[in-house]
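J.: Predicted model and sequence follow; I will ask about them next.
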Amino acid sequence: MTTFAYIRISTTKQDEASQRHIITETIEKAGGKIDEWIADTASGGTPWQDRQLAAILAKAKEGDIIALSEVSRIARSIVGVLTFLQAAAKKKVTVIAIKTGITMDNSTSAKIVVTVLAMAAEIERDLLRERTKAALAARKSRGLPVGRQAGAKGKRNKLAGRDAEIDPLLKANVAKAAIARILKVSRQTLHDYLKEREGTQ
């Protein structure tokens, strides 16, 4: 079993030292040790798939541990956190967010946390949709074009404009059936949208 410690460094050395201290102390109290430290300077706004966190998960094996000081080091959005935890669970890798008090393994309590996060992620998506609607209404009120431009063929797919939600799930290797459930569409709708998107690239 390998224990990886991930720290995302902000602007101060004090922040880095604080993360190292709390991770080391907690893991050693539990009788373990840190096998590898990974320090990342990428912004928290960068998707976890494009940071060192993805590299850790890629080489982690079943039974390994990824320790962080707090869950916010994974991502700034609930959707981002959820997709990472789902990807880790798929590989049977335990994630420990110390300050947050979360241990994501295969326990019942961990499954409850994932369920709650999924609900929170849905709320986050609803808020995003509301902001999108408001932005479109504002464009319309100013006489600017909205939706598909003239010449576009066919009916607009329900998933059009939702790439920011879809892409992190695809990158995390979440099953397409699960993605469809999360986005509350049919598997066929997701399939059609991905096929349509591929054709426009």
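T.: Sure, I can see it.

J.: what comes up buried for stretch 2-12?
T.: Thr3, Phe4, Ala5, Tyr6, Ile7, Arg8 (16 or more other C-beta atoms under 10 Å). Heads up, the C-betas are built off the backbone N, CA and C, glycines and all.

J.: quick one: which of the residues you listed is nearest Gln86?
T.: Minimum distance to Gln86 across the buried residues of stretch 2-12 is 17.2 Å, recorded for Tyr6 (C-beta to C-beta).

J.: Which secondary structure element is home to that closest one?
T.: Here Tyr6 sits within strand 3-8, counting by DSSP states H and E.

J.: Let me know the angle separating whatever helix or strand comes next after that strand from strand 3-8.
T.: Where DSSP H and E defines the elements, the next helix or strand beyond strand 3-8 is helix 13-29. Here the directions of helix 13-29 and strand 3-8 differ by 160 degrees (axes from the mean of the first three to the mean of the last three C-alpha atoms, to 10 degrees).

J.: what residues does helix 13-29 touch?
T.: The contact list for helix 13-29 (C-beta atoms under 8 Å, 6 or more residues apart in numbering) reads 3, 5, 7-9, 33-34, 37, 39, 67-69, 73, 96, 98-99.

J.: next SSE after it?
T.: Next in sequence after helix 13-29, counting helices and strands by DSSP H and E, comes strand 36-40.

J.: picking that back up, which one among the contacts of helix 13-29 sits at the bottom for pLDDT?
T.: In terms of pLDDT, Ile9 ranks lowest among the contacts of helix 13-29, with 80.

J.: what's the distance between the nearest residue to that one once chain neighbours are set aside and Ile34?
T.: In this structure, Ile9 finds its nearest non-sequential neighbour in Glu16, 4.9 Å apart by C-beta to C-beta, 6 or more residues apart in numbering. Plainly put, Glu16 is 14 Å away from Ile34 if you go by C-beta to C-beta, to the nearest Å.

J.: Could you do Phe4 as well?
T.: 8 Å.

J.: any shared contact partners between the two?
T.: With C-beta under 8 Å, 6+ apart, Phe4 and Ile34 have common neighbours Ala67.

J.: Which of the helices or strands spans the spatially most central residue of the chain?
T.: Nearest to the mean C-alpha position of the chain, counting by C-alpha atoms, centre = their mean, stands Gly80 at 2.0 Å. In this assignment (DSSP H and E), Gly80 forms part of helix 78-90.

J.: and Ala54, what is it in contact with?
T.: So Ala54 contacts Trp48 (C-beta under 8 Å, 6+ apart).
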